[in-house]
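Engineer: dropping a prediction and its sequence here:
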Amino acid sequence: PKGTMAFTGKYEFEGDENYDAFVQKIGLPSEKIEMGRNCKIVTEVVQNGNDFTWTQHFPGGRTTTNTFTVGKEADMETFGGKKFQATVKLEDGKLVAEFPNYRHTAEISGGKLVEISTSSGVVYKRTSKKIA
């Protein structure tokens, strides 16, 4: 992999595209949709080789943490809080995970964390700026 510690850092939500279309497509309940809209999520990533701890801090103190190793099946939690198992892969410097009803990629581009989720042709893009 290019740059072993490329992902490590703390990133704050900066903007997103196609949020409503995407969360409706994956069937998120409306109260969760409102909660997540323009949500100043802070994403904290600790990368140690192929081992990752990926924590999202939500306003109001709620956090979700996914711990995984590239290429190995791990217990994960979705956007909507569902638990499932996935194997995260590394493709062209991007982390790629197949969630139950969407495909998620994450990469560092221009110093920002860019996450893209795709569900049946609907593409949701979230950009976070590095704060630490």
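Structural biologist: Structure received. Residues are numbered from 1 along each chain as shown.
Engineer: number of residues surrounding Tyr124?
Structural biologist: With neighbours defined by other Cβ atoms under 10 Å, the count for Tyr124 comes to 22. In short, each C-beta sits where N, CA and C put it, glycine included.
Engineer: now do the one 4 residues further on
Structural biologist: Residue crowding around Ser128 was assessed by other Cβ under 10 Å; the count is 23.
Engineer: tell me how far the residue nearest to it when sequence neighbours are not counted lies from Gln85.
Structural biologist: The shortest distance from Ser128 to any non-neighbouring residue, by Cβ to Cβ, 6 or more residues apart in numbering, is to Tyr11 (3.6 Å). Counting by Cβ to Cβ, to the nearest Å, the gap from Tyr11 to Gln85 is 25 Å.
Engineer: please tell me I have it right and the residue nearest to Ser128 contacts Gly111.
Structural biologist: No. Tyr11 lies out of contact with Gly111 (Cβ atoms under 8 Å); the separation is 9.7 Å.
Engineer: rewinding a little: give me every residue that touches the residue nearest to Ser128.
Structural biologist: 42-45, 112-113, 128-131 (Cβ atoms under 8 Å, 6 or more residues apart in numbering).
Engineer: can you say which of the residues you listed are buried?
Structural biologist: Buried members of the contacts of Tyr11, scored by 16 or more other Cβ atoms under 10 Å, are 42-45, 113, 128.
Engineer: identify the contacts common to Tyr11 and Gly111.
Structural biologist: 129-130.
Engineer: what's the most distant pair in the contacts of Tyr11?
Structural biologist: Spatially, the most separated pair among those is Glu44 and Lys112, at 14.9 Å (Cβ to Cβ).
Engineer: tell me which stretches of this protein form helices.
Structural biologist: For the chain, helices defined by DSSP state H occupy the ranges 19-25, 30-36.
Engineer: buried residues in the first one?
Structural biologist: Meaning helix 19-25. Neighbour-count burial for helix 19-25, counted by 16+ other Cβ under 10 Å, picks out 19, 22-23, 25.
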